[in-house]
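**Student:** below is the structure, and that's it, no one-letter string:
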């Protein structure tokens, strides 16, 4: 049985009407090179509730490193990016978790109800 990708999870969340923070800044202030998609996935996990996505900060960082390794031949680059997010990534991670905890970012299980003909 294969593990669902973050895009599969995203589709499932959307189908259930869950709210998600899909904002991203690529690889933040670092070059995106040919692995911007890896950084977008990393942002998805950092900006959404780990209780819903099932991915911890440590796992998100590990996935970033492995994704970059698939796209970059020099082994130092994935480890460099991983080292930076492990060292300073706790700041944006915690900031987003505080927003989720305070209700500033609506809970991901909040269902969005659309009405075709509002009464």
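**Tutor:** Cool, got the structure. Keep in mind it's a predicted model, so treat the numbers as computed, not measured. Residues are numbered from 1 along each chain as shown.
**Student:** centroid residue for this protein?
**Tutor:** With distances taken as C-alpha atoms, centre = their mean, residue 44 lies nearest the centre of the chain, 1.8 Å away.
**Student:** you'd agree it is up against residue 10?
**Tutor:** Yes: using C-beta atoms under 8 Å, residue 44 makes contact with residue 10 at a distance of 7.1 Å. All C-beta spots, glycine's among them, are computed from the backbone N, C-alpha and C.
**Student:** mutual contacts of those two, please.
**Tutor:** 20, 22 (C-beta atoms under 8 Å, 6 or more residues apart in numbering).
**Student:** strands of this structure, residue ranges please.
**Tutor:** Listed in chain order, the chain contains no strands at all (DSSP state E).
**Student:** which helix is the longest one in it?
**Tutor:** Taking DSSP state H as the criterion, the chain has its longest helix at helix 57-71.
**Student:** in that one, what counts as buried?
**Tutor:** Residues 57, 60, 61, 63, 64, 65, 67, 68, 69 are the ones in helix 57-71 that count as buried (16 or more other C-beta atoms under 10 Å).
**Student:** which other helices and strands contact it?
**Tutor:** Secondary-structure packing of helix 57-71 (3 or more C-beta pairs under 8 Å, 6 or more residues apart in numbering; DSSP states H and E): helix 36-47, helix 76-88.
**Student:** show residues contacting stretch 85-104.
**Tutor:** Under C-beta under 8 Å, 6+ apart, the answer for stretch 85-104 is 21, 42, 46, 47, 48, 49, 57, 61, 64, 105, 107.
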